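[1] sharing a model prediction with you, sequence too.
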Amino acid sequence: MSPLDYRAVLTRLDAWFDDARRAAGGRVPCRSGCSACCHGPFDISVADAELIADAVRRLPAEERVAVVHRGRALLDRMLALEPAWRPPYAVEELGEDRFDRLTDALAAEPCPLLDDTGRCRIYADRPLVCRMIGLGMRTPAGRVIENACPIQDRFPGYAELPPAPFELERMEDDEESCLRAAARRRFGDERRRGFETTIAAVIAGVDDR
């Protein structure tokens, strides 16, 4: 398994979103440049961390410097709340309650990947969770994931859209293989496939030269 395999997983998710958005007849406002859900720290997987770090390294030098500066500034704010947190900044080290308090305290902070217009600088490489917000989902196993868009009530008919069907369980099986491979590359141990961190922590570790 390589990072390309994880990109293939994300491509399937994108195809589902695009199909459901077309079926909704223009009622879904999600697009590059809408940043309503791009605030506050949240957890990302080890595969997402690998994807983001690679994307930031590929940015033009001036953009990369700006992104790394913003990432380190946000991480500093997180460490002011949790000074004992140490690299690689695993969410599990804080535990659910402490991480929730941290994210609540910084909920208004913009993602360090946003530019001055609110556009994601690495939109094609954004994490999996960013690709799921904006539509409800119903899986073959009967799971329903509600639409988490924070501004859906501002658009006529948007909040009333029914969950769109998606084979999430099948995707999760493929994602699991990608997480194992990413954990081997990062930690030399696939048992750390459940590692989660934040975007700011990943960016802060990127060389800004």
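    Yes, it's here. Predicted, not measured: the structure shown is a model, and the values here were computed from it.

[2] neighbours of Arg119, how many?
    Residues contacting Arg119 under the criterion other CB atoms under 10 Å number 15. Glycine gets a C-beta too; all of them are placed from N, C-alpha and C.

[3] ok, it - contacts?
    Going by CB atoms under 8 Å, 6 or more residues apart in numbering, Arg119 touches 32-33, 35.

[4] could you do Gly157 as well?
    Arg27.

[5] so is it in a helix, a strand, or just coil?
    Three-state assignment for Gly157 (DSSP: H, G, I helix; E, B strand; the rest coil): coil.

[6] if I look at it, how far off is Arg22?
    Using CB to CB, to the nearest Å, Gly157 is found at 15 Å from Arg22.

[7] before we move on, what about Ala200?
    34 Å.

[8] ok, these two, which is more surrounded?
    In this view Ala200 and Arg22 are compared by other CB under 10 Å, and Ala200 has more residues nearby, 25 against 10.

[9] was I right to think that one contacts Leu75?
    Yes: assessed by CB atoms under 8 Å, Ala200 is found in contact with Leu75 at 4.5 Å.

[10] now the strands: where do they sit in the chain?
    44-45, 137-138, 144-145, 164-165, 196-197 (DSSP state E).

[11] pick the most buried one from those.
    Highest mean neighbour count among these (mean count of other CB atoms under 10 Å): strand 44-45, with a mean of 22.

[12] poorly predicted segments of this structure, please.
    For the chain, residues meeting the criterion pLDDT under 70 lie at 208-209.

[13] which residue is nearest the centroid of this protein?
    Centroid-nearest residue in the chain, with CA atoms, centre = their mean: Pro127, separated by 3.2 Å.
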